[in-house]
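Asker: okay, predicted coordinates and the sequence, questions at the end:
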Amino acid sequence: MTISDKIREFGREGVPVAEIARTLGIRYQHARKVLLDAGLLTTTKRPEVTGETPRPKTLAKEKPPLHVSDLLAAGFELTSRWKLAEDGAMCCDTPLPKQVGVYAFAKDGVVLYVGVATMGLSKRLYFYGNPGKTQRTSLRLNQIIKDELAAIPCIDIYTAFPNDLEWNGLPVHGSAGLELGLIKKFALPWNKRSAR
């Protein structure tokens with residue numbers, strides 16, 4: 001089977017052009033031209049959004065969930081818990097560390113969200129409980145966590161403090177690298193980047 005045959009086969013399955021090019025290790029333009037020539041790609045314009053559109057098929061496998069047991073085995077620790085105060089505000093039940101690190105929110109032994117706190121954990125998590133008007137992620141997670149806490153007593157907060165590294169004489173941020181690695185490998189329903 002030739003590369004063009006594979007491109008056409010993926011095109012008939014509805015796999016996006018970028019995914020085809022990435023999977024086959026070819027240029028996007030090559031995959032697009034083959035699909036256009038085969039009549040499998042009929043427009044160069046983006047389709048109009050008219051409501052709920054089905055997600056295109058991808059070649060990527062489903063990501064597995066991330067379990068708290070995996071975090072604990074790797075060195076994460078249970079640091080605090082999100083709870084609702086009597087006034088309905090979110091708060092942590094114990095003080096959080098001020099150092100830079102990675103945090104994870106979990107319930108029922110499954111991790112739902114991971115993030116990196118480059119400004120320090122206590123300051124970053126403060127903004128989830130008290131989001132500013134322009135802090136879209138903090139606003140979104142504040143609402144998600146409050147909705148969860150209406151049904152369950154707490155959301156666990158796990159933290160880790162990986163060392164920074166060096167690669168060929170250049171600095172590598174350990175916390176940011178760990179966060180990205182977890183997002184890329186595991187299904188984390190509250191992380192928008194995890195769905196990619």
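Answerer: Okay, I see it. Residues are numbered from 1 along each chain as shown.
Asker: now do the contacts for the closest residue to Phe127 other than its chain neighbours.
Answerer: Residue nearest to Phe127 in three dimensions, not counting chain neighbours: Ser138, with 4.5 Å by CB to CB, 6 or more residues apart in numbering. In short, each C-beta sits where N, CA and C put it, glycine included. For Ser138, the contacting residues are Phe127, Tyr128, Pro131, Gly132, by CB atoms under 8 Å, 6 or more residues apart in numbering.
Asker: secondary structure element holding the first one?
Answerer: Element membership for Phe127, per DSSP states H and E: helix 121-129.
Asker: next SSE after the helix or strand harbouring the residue nearest to Phe127?
Answerer: Here Ser138, judged by DSSP H and E, is contained in helix 136-149. Downstream of helix 136-149, the first helix or strand assigned by DSSP H and E is strand 155-160.
Asker: show me the contact partners of that following strand.
Answerer: Applying CB under 8 Å, 6+ apart, the set of residues contacting strand 155-160 is 68, 71-72, 74-82, 92, 96-97, 101-107, 111-112, 121, 125, 145, 148-149, 175, 178.
Asker: next, the angle from the helix holding Ser138 to strand 155-160.
Answerer: 130 degrees (axes from the mean of the first three to the mean of the last three CA atoms, to 10 degrees).
Asker: I'd like the mean pLDDT over helix 136-149, please.
Answerer: Averaging pLDDT along helix 136-149 gives 94.
Asker: doesn't Pro131 lie inside a strand?
Answerer: No - under DSSP: H, G, I helix; E, B strand; the rest coil, Pro131 falls outside any strand and is assigned coil.
Asker: I'd assumed Ile145 was in contact with it.
Answerer: No - contact criterion CB atoms under 8 Å: Pro131 and Ile145 do not qualify, at 10.8 Å.
Asker: show me where pLDDT drops low in the chain?
Answerer: Residues of the chain that meet the criterion pLDDT under 70 lie in 42-61, 194-196.
Asker: can you pull out the strands in it?
Answerer: Using DSSP state E, the strands of the chain run over 77-84, 90-92, 101-107, 110-117, 155-160, 165-167, 170-172.
Asker: what is the second one packed up against?
Answerer: Pointing back at strand 90-92 there. Counting contacts by 3 or more CB pairs under 8 Å, 6 or more residues apart in numbering; DSSP states H and E, strand 90-92 is packed against strand 77-84, helix 121-129, helix 136-149.
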